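**Student:** Make a model of this:
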Amino acid sequence: MTTRLIDTAKQWARTMKRDVHAVWLAARDPRTPWFAKVLALAVAAYAVSPIDLIPDFIPVIGYLDDLVIVPLGILLVVRLIPPELMAEHREAADKASERPVSRFAAGLIIALWIACAVLVARVFLLPLL
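**Tutor:** The predicted structure is shown next:
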């Protein structure tokens, strides 16, 4: 029973992740009605934003906003977007999630962070030595 619950939760999370991406794609599509675009942008931005209405460090309630606001926002946006258009964007989001991750790009970003850390160390720590 517990394993089934965990599998269901994982599937729901994957669906939410795909739908957030699909909503983002729909927000950028000129065929999407303007009022759906505005709401889609707001929902997608809230979903990926590290800033929440209720901070996550507050036990239980902190994650409750993510578990309620984002799915309700997605549900509303999906109802405002024509079904065939939403299906197209969901398919595009599925395809995007299947693409391989660029290890070169990840390495480049890590190298950039290391270079920044070295530069900050040289500027601020070297004069102290």
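
**Student:** Need the nearest residue in space to the residue minimising distance to the centre of the chain, chain neighbours excluded.
**Tutor:** Most central in the chain under CA atoms, centre = their mean is residue 48, positioned 3.8 Å from the mean C-alpha point. Spatial nearest neighbour of residue 48, excluding adjacent residues (CB to CB, 6 or more residues apart in numbering): residue 20 at 7.1 Å. (Glycine included, C-beta is placed from N, CA and C.)

**Student:** wait, what's in contact with that neighbour?
**Tutor:** 43-44, 47-48, 70, 74 (CB atoms under 8 Å, 6 or more residues apart in numbering).

**Student:** average pLDDT across the helix or strand hosting it?
**Tutor:** Assessed by DSSP states H and E, residue 20 sits inside helix 2-27. For helix 2-27, the mean pLDDT works out to 87.

**Student:** What of stretch 34-50?
**Tutor:** On average, stretch 34-50 scores 87.

**Student:** in it, what counts as buried?
**Tutor:** 36-37, 39-41, 43-44, 46-47 (16 or more other CB atoms under 10 Å).

**Student:** now swap in stretch 58-68 and tell me
**Tutor:** 65-66.

**Student:** which residues sit against it?
**Tutor:** 52-56.

**Student:** Kindly recompute the last result at 10 Å.
**Tutor:** 12, 16, 46-47, 52-56 (CB atoms under 10 Å, 6 or more residues apart in numbering).

**Student:** How about stretch 113-129?
**Tutor:** Residues contacting stretch 113-129 (CB under 10 Å, 6+ apart): none.

**Student:** Nearest to residue 105 among the contacts of stretch 58-68?
**Tutor:** residue 47 (22.7 Å; CB to CB).

**Student:** check which helix or strand covers the closest one.
**Tutor:** Here residue 47 is assigned to helix 34-48, by DSSP H and E.

**Student:** What helices and strands are in contact with that helix?
**Tutor:** helix 2-27, helix 61-80, helix 83-98 (3 or more CB pairs under 10 Å, 6 or more residues apart in numbering; DSSP states H and E).
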